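Q: only the shape, not the letters, is given here:
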């Protein structure tokens, strides 16, 4: 891969990953609910999901998905319903159940880690826009006379690294402001606002068209 191609891709990846979306919102809301340590689990789950989605795109499934109205519709509805589910759950969450800076310990901690990891993974896997995004974007930066597998690995690793960096940025930002969220009423307001955004993102997913950009 040409260095110039990779640098341009870095610029695109930075713009895309630092634009708040479901994964960023999930990381922020989890940081408020369960603290930084457990939030890492959801971000790592999302990272694995991005690697899987990239592999799906590399296998040409993005084109198949764009051409299959039924397959795209099913995945779109599953993704939308999952985001709406997360939104309702966030809206109804008890602001006093877990302290803002709290981290789970003991037997329940491993269950929390698995649950949060699964959340991040599902957010990535149930978003059809991600598959279409990788399918449309990656070919623009791939050099035909070089190993496609190696280039996809570099592009995916770069994108995932920027995604994790964006999660860290927003989580640190919200923790800097955590004193303002310490009040249960403000925490409840944050939960309802972020829950509402999850629902809006889920509904907006229903408007995604089944074709590559």
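A: Okay, I see it. These numbers come from a predicted model, not from an experiment.

Q: would you map the strands across the protein?
A: With strands called from DSSP state E, the chain shows none.

Q: can you pull up the most central residue in it?
A: residue 23 (2.5 Å; C-alpha atoms, centre = their mean).

Q: for that one, which non-adjacent residue is closest in space?
A: Spatial nearest neighbour of residue 23, chain neighbours left out: residue 46 (4.7 Å); criterion: C-beta to C-beta, 6 or more residues apart in numbering. The way it works is simple: take the backbone N, C-alpha and C, and place the C-beta from them, glycine included.

Q: and if you look at residue 202?
A: Per C-beta to C-beta, 6+ apart, closest to residue 202 is residue 83, 3.3 Å.

Q: and residue 145, backbone torsions?
A: Torsion angles at residue 145 (phi, psi; degrees, to the nearest 10) stand at phi -90, psi 10.

Q: which parts of the helix ranked longest in the chain count as buried, going by neighbours?
A: The residue-count maximum for a helix in the chain (DSSP state H) belongs to helix 148-176. Using 16 or more other C-beta atoms under 10 Å as the test for burial, helix 148-176 gives 151-152, 154-156, 158-160, 162-164, 166-168, 170-171, 174-175.

Q: residues touching residue 168, list them.
A: residue 43 (C-beta atoms under 8 Å, 6 or more residues apart in numbering).

Q: likewise for the one 4 residues further on?
A: Contact partners of residue 172, counting by C-beta under 8 Å, 6+ apart, are absent.

Q: from residue 164, how far off is it?
A: Between residue 172 and residue 164 the distance, using C-beta to C-beta, to the nearest Å, works out to 12 Å.

Q: one more: residue 119?
A: In this view, residue 119 and residue 164 are 16 Å apart by C-beta to C-beta.

Q: swap in residue 60?
A: 27 Å.

Q: hey, where'd the helices end up in this structure?
A: So, for the chain - with DSSP H - the helices run 3-18, 22-34, 36-58, 61-67, 69-92, 107-125, 128-137, 148-176, 178-181, 184-205.

Q: residues contacting the spatially closest residue to residue 87 that is not a sequence neighbour?
A: Leaving out its chain neighbours, the residue that sits closest to residue 87 by C-beta to C-beta, 6+ apart is residue 198, at 3.1 Å. Each residue near residue 198 by C-beta under 8 Å, 6+ apart is listed here: 22, 25, 83-84, 86-87, 90.

Q: buried among these? Need that as a selection in PyMOL.
A: The PyMOL selection below is limited to those of those classed as buried (16+ other C-beta under 10 Å):
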select buried, resi 22+25+83+84+86+87+90
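
Q: from the contacts of residue 198, which is closest to residue 143?
A: residue 22 (31.7 Å; C-beta to C-beta).

Q: pLDDT value on that closest one, please?
A: With respect to pLDDT, residue 22 scores 86.

Q: pretty sure it sits against residue 200.
A: No. Counting by C-beta atoms under 8 Å, residue 22 stays clear of residue 200, with 10.6 Å between them.

Q: now do the end-to-end distance for stretch 139-152.
A: In stretch 139-152, first residue to last residue: 9 Å (C-alpha to C-alpha, to the nearest Å).

Q: whoops, I mixed them up, stretch 177-191
A: 15 Å.

Q: let me see the mean pLDDT of that stretch.
A: Stretch 177-191 comes out at a mean pLDDT of 66.
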